[in-house]
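Student: make a model of this:
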Amino acid sequence: MTTLFIKNMVCDRCIMVVQAELDKLSLNAKNIKLGEVILDKEITPAEKDTLVKILAPLGFEVIDDKKSRMIEKIKSIIIDLVHHQDNEIKTNLSNILSNALHNDYNYLSNFFSEVEGTTIEKYFIAQKIEKVKELLVYDELSLSEIADRLNYSSVAYLSNQFKKVTGLTPSHFKQIREDKRKPLDKV
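Tutor: Sure, this is the predicted structure:
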């Protein structure tokens, strides 16, 4: 078996694209999830080089060093939590990350800040604000429902955080509907 860590896998579509490319190379994936692919056999250096070359133009990067893998795991957990686990954030982020990565949160936090130049909490907030933008653009939920879905303690707290990050109130953002969303891998 071979485990590959792939940077910039942020959604189910990314998983489908990587799966399709693996299929073209006749590499059978035992499991694919955000940021990680487990192949059912060892791959040769030539196969790995070919995969790297195929994935690069699609915006993906195979990462080998331990630091990059840890950062991508942290980001993948946060992205999955915010964008794919509606209203599942019942425990605090530090416990989720510590349990998933089997490391002390202080270590993870310091490591993330050192490598990324921002804190885990700021990254988490940025992801949540991107999700708020997405939900505002869809215009299917009230601000109160959005606050509840993303586990904000109140609409006022969500609005204050939104304004602090974007410079706009949620209602002003909704009015102008400019393309203020960033791709998840650029947050």
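Student: give me the mean pLDDT for stretch 34-47.
Tutor: The predicted model assigns stretch 34-47 a mean pLDDT of 90.
Student: who's in contact with the residue nearest the centre of the chain?
Tutor: In the chain, the residue lying closest to the centroid (Cα atoms, centre = their mean) is Ile79, at 2.8 Å. Listed by Cβ atoms under 8 Å, 6 or more residues apart in numbering, the contact partners of Ile79 are Val10, Cys11, Leu34, Gln127, Leu184. For every residue, glycine as well, the C-beta is placed using N, CA and C.
Student: okay, buried residues for the helix or strand harbouring it please.
Tutor: For Ile79, the enclosing helix or strand under DSSP states H and E is helix 66-84. Within helix 66-84, the residues scored as buried using 16 or more other Cβ atoms under 10 Å are 69-83.
Student: so how far is Asp139 from the residue nearest to the centre of the chain?
Tutor: Remark: distance between Ile79 and Asp139 (Cβ to Cβ, to the nearest Å) = 23 Å.
Student: what's the angle between whichever strand or helix holds Tyr107 and helix 66-84?
Tutor: Assigned by DSSP H and E, Tyr107 belongs to helix 105-116. Interaxial angle of helix 105-116 relative to helix 66-84 (axes from the mean of the first three to the mean of the last three Cα atoms, to 10 degrees): 100 degrees.
Student: average pLDDT across helix 105-116?
Tutor: Here helix 105-116 scores 92 as its mean pLDDT.
Student: for it, give me every contacting residue.
Tutor: Contact with helix 105-116 is made by 67, 70-71, 74, 94-95, 97-98, 101, 118-120, 123, as judged by Cβ under 8 Å, 6+ apart.
Student: ok, which pair from these is furthest apart?
Tutor: By the measure Cβ to Cβ, Lys67 and Asn95 form the most distant pair in the contacts of helix 105-116, at 22.9 Å.
Student: what residue ranges in the protein score low on pLDDT?
Tutor: Counting by pLDDT under 70, the ranges of the chain that qualify are 86-91, 177-187.
Student: now with 80, please.
Tutor: For the chain, the stretches with pLDDT under 80 are 85-91, 176-187.
Student: and the strands in it?
Tutor: Taking DSSP state E to define them, one finds strands in the chain at 2-7, 29-33, 36-39, 61-63.
Student: need these in CSV with mean neighbour count and distance to Leu143, can you?
Tutor: Below are the strands of the chain laid out as CSV (neighbours: other Cβ atoms under 10 Å; distance: least, Cβ to Cβ, whole Å):
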stretch, mean neighbour count, distance to Leu143
strand 2-7, 19, 34
strand 29-33, 14, 32
strand 36-39, 18, 35
strand 61-63, 17, 37
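Student: of all those strands, which one comes closest to Tyr152?
Tutor: strand 29-33 (27.1 Å).
Student: helices or strands next to that closest one in the packing?
Tutor: Applying 3 or more Cβ pairs under 8 Å, 6 or more residues apart in numbering; DSSP states H and E, one finds that strand 29-33 contacts helix 12-24, strand 36-39.
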